[in-house]
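**Student:** Attaching a predicted model along with its sequence, questions to come.
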Amino acid sequence: MTQAWLNRIGTAVPPYDIHGAFIEFGRDTIAEDHKRALFDRMAGLADIEHRYAIFDAAPRPRETVLDTSGIYRRGAFPTTAARMALYEPHALQLALRAVRALDADPGRVTHLIVASCTGFSAPGLDFQIMQAAGLRDSTQRTLVGFMGCFAAVNALKLADQIVRADDRARVLVVNVELSSLHLQEDFQDVPKMLSFLLFGDGASAALVTADPHGIALGRFQVAVIPRSAELITWHIGDSGFLMHLSGQVPGRIRRWLPDGGPALLPPQHPVVWAVHAGGRSILDAVQQGLHLPPEALRFSRDVLRNHGNMSSATLVFVLSAILNDPDARGPGMAMAFGPGLTVETFAFHRP
C-alpha cells in the first residue's frame, strides 16, 4: 500500500499582535476585585506571549472599544451576521498567505481539503481558495467544518486515505481559523474568560503526497473520554459562536491518559511529540498523564507561547516546527483534543 507523506507546510498569522491589549481590555471590564485578581492570575499562568488577530488594538485608553475598526465596542458587540461578513474575506486572505508560503505548484494539486470551525459561507472557502490560488476547476474538494481543535487530524486523515488509494494524488490541506471573531462580552463570568486569554487567528497549508520526504504519516486512531461530552461545546448564537470550555478538561485528560493513552501509542515509542497546544494546562495534563520528560512537548509549548491556541491550525504549526528542526527525527506521535471529549491521534516518522 502506498505510503502518504506530509511533504511541507506553510503558515500565516495576521499582522496584529493583540494579546496584551486583549488582557487589558478584559481586565478593565471586570468590576469585582476578586474576579479581577483571578483573571490576572489566569493571564499570568497562560504561558502565552503573543496572539494575532485580523484587527489592530485601539490606542489607550481602551475604555469603550478594543480595536481600531470598532468591531468590539462595549455594549454593542457585533451580531453573528456581522462577524460572518468579516470572516469571508479575511479567512480567504489568510488562507492564501499560508498557501503561498507552502509554495506548491497549484496546477498539480488534485485534491483540496479545508478545515475551519470559525465561519461559514457558500460557495465556501474550498471554492474560494481553489479559484484564488489558481487550482484547477477539476480539483476535488472537501470541507471539514465545525469539528474544533482536532480537525487538523481529521483533515490529514482524509489526505492520508486519498494518497494511499491513489499514489498520483497531491492533496492540499488548509486549516484557517479566525477565533478573534467570536469574542463575547460576558466578562463577569471568569471561566468564560479563559477563551479570551487563549485563542488567536492563524492558517496553515500542508502538502500530502506519495513523494518520500518530510513526515511519513502512520496509523490514525480516535478515542472518546467517557462522560465528558459536556466539557467542550460550540454553538451558534445571535452574537457569534458561543464556546464553552470547562476548567475540568485538563484534569479529565490527565486522569484518562494513564489507562486510555497506551492503546493509542505506536509500537515504537515516540521520541518526537506534536500535541495540540490547547493551553498550558492541557499540555501539562498530557505530559503528566503519559509521564513524558519536560522537553518532550517543547514544540507545542513554543507554538502556544508565540501564537496561542489557533484551534484547528495549531497542530499544523507544531508539525511545521518539527519539520524545520533538523534534529527532530525518529518515531513520533500527534495528538489533539476537542468536543466529545474526543482524542484524535496519529503516529508518524521523520527519517
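**Tutor:** Sure, I can see it. Numbers count the residues shown, from 1 in each chain.
**Student:** contacts for stretch 86-102?
**Tutor:** 8-14, 54, 71, 78, 114, 116, 118-121, 125, 128-129, 132-133, 172, 174, 176, 178, 181, 201-207 (C-beta atoms under 8 Å, 6 or more residues apart in numbering). Placement of C-beta: from N, CA and C, glycine included.
**Student:** mind running it again at 6 Å?
**Tutor:** 10-12, 54, 119, 121, 125, 128-129, 132-133, 174, 176, 178, 181, 203-205 (C-beta atoms under 6 Å, 6 or more residues apart in numbering).
**Student:** Same check on stretch 163-179?
**Tutor:** 1-2, 4, 87, 90-91, 94-95, 108-116, 118, 152, 155, 159, 162, 199, 201, 203-206, 208-210, 310-313, 316.
**Student:** can you pull the contacts of Thr142?
**Tutor:** Thr142 neighbours (C-beta under 6 Å, 6+ apart): Ile113.
**Student:** so it sits in a strand?
**Tutor:** Yes. With DSSP: H, G, I helix; E, B strand; the rest coil as the criterion, Thr142 is part of a strand.
**Student:** Please report how far it lies from Gly119.
**Tutor:** 17 Å (C-beta to C-beta, to the nearest Å).
**Student:** Narrow the contacts of stretch 86-102 to those in strands?
**Tutor:** Gly10, Thr11, Ala12, Val174, Val176, Leu178, Ala203, Ser204, Ala205 (DSSP state E).
**Student:** farthest pair in those residues?
**Tutor:** By the measure C-beta to C-beta, Gly10 and Leu178 form the most distant pair in the ones in strands among the contacts of stretch 86-102, at 17.6 Å.
**Student:** who has more neighbours, the two?
**Tutor:** Leu178 (25 against 20; other C-beta atoms under 10 Å).
**Student:** Do you have the strands of this protein handy? List them.
**Tutor:** Counting by DSSP E, the strands of the chain are 5-12, 16-17, 52-53, 111-116, 140-145, 171-178, 201-209, 215-224, 232-237, 240-245, 272-275, 330-338, 342-350.
**Student:** okay, the ones you listed in a markdown table with mean pLDDT and distance to Thr64 next?
**Tutor:** Formatted as a markdown table, these follow (pLDDT from 0 to 100; distance: least, C-beta to C-beta, whole Å):
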| stretch | mean pLDDT | distance to Thr64 |
| --- | --- | --- |
| strand 5-12 | 98 | 31 |
| strand 16-17 | 96 | 19 |
| strand 52-53 | 98 | 18 |
| strand 111-116 | 98 | 31 |
| strand 140-145 | 96 | 35 |
| strand 171-178 | 98 | 23 |
| strand 201-209 | 98 | 23 |
| strand 215-224 | 97 | 44 |
| strand 232-237 | 89 | 23 |
| strand 240-245 | 88 | 19 |
| strand 272-275 | 98 | 39 |
| strand 330-338 | 97 | 35 |
| strand 342-350 | 97 | 40 |
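**Student:** Would you mind pulling up the elements that the helix or strand of the chain with the lowest mean pLDDT packs against?
**Tutor:** Averaged element by element with mean pLDDT, DSSP states H and E, the chain has its least confident helix or strand at helix 193-198 (a mean of 78). Counting contacts by 3 or more C-beta pairs under 6 Å, 6 or more residues apart in numbering; DSSP states H and E, helix 193-198 packs against helix 33-45, strand 240-245.
**Student:** of these, which approaches Thr342 most closely?
**Tutor:** That would be strand 240-245 among these, by C-beta to C-beta, at 14.1 Å.
**Student:** Just want the phi and psi numbers for the residue lying closest to Trp5 once chain neighbours are set aside.
**Tutor:** Spatial nearest neighbour of Trp5, chain neighbours left out: Gly214 (5.1 Å); criterion: C-beta to C-beta, 6 or more residues apart in numbering. Dihedral angles of Gly214 (phi, psi; degrees, to the nearest 10) stand at phi 100, psi -120.
**Student:** Would you check that my belief about Gly214 contacting Ala4 is correct?
**Tutor:** No. Between Gly214 and Ala4 there is no contact under C-beta atoms under 6 Å: 10.1 Å.
**Student:** Next, the contact list for Pro331, please.
**Tutor:** Gln268, Pro270, His349.
**Student:** Kindly report the same for Ile322.
**Tutor:** Ile322 sits next to Phe299, Ala328 when contact means C-beta under 6 Å, 6+ apart.
**Student:** Please report the distance of it from Val144.
**Tutor:** 22 Å.
**Student:** before we move on, what about Arg100?
**Tutor:** Counting by C-beta to C-beta - Arg100 and Val144 are separated by 22 Å.
**Student:** So between the two, which is more surrounded?
**Tutor:** Taking other C-beta under 10 Å, Arg100 and Val144 do not tie; Val144 has more neighbours (23 against 14).
**Student:** And the residue nearest to the more buried one when sequence neighbours are not counted, how far from Pro258?
**Tutor:** Ranked by C-beta to C-beta, 6+ apart and with sequence neighbours excluded, the top spatial neighbour of Val144 is Ala115, at 4.0 Å. Distance from Ala115 to Pro258, counting by C-beta to C-beta: 30 Å.
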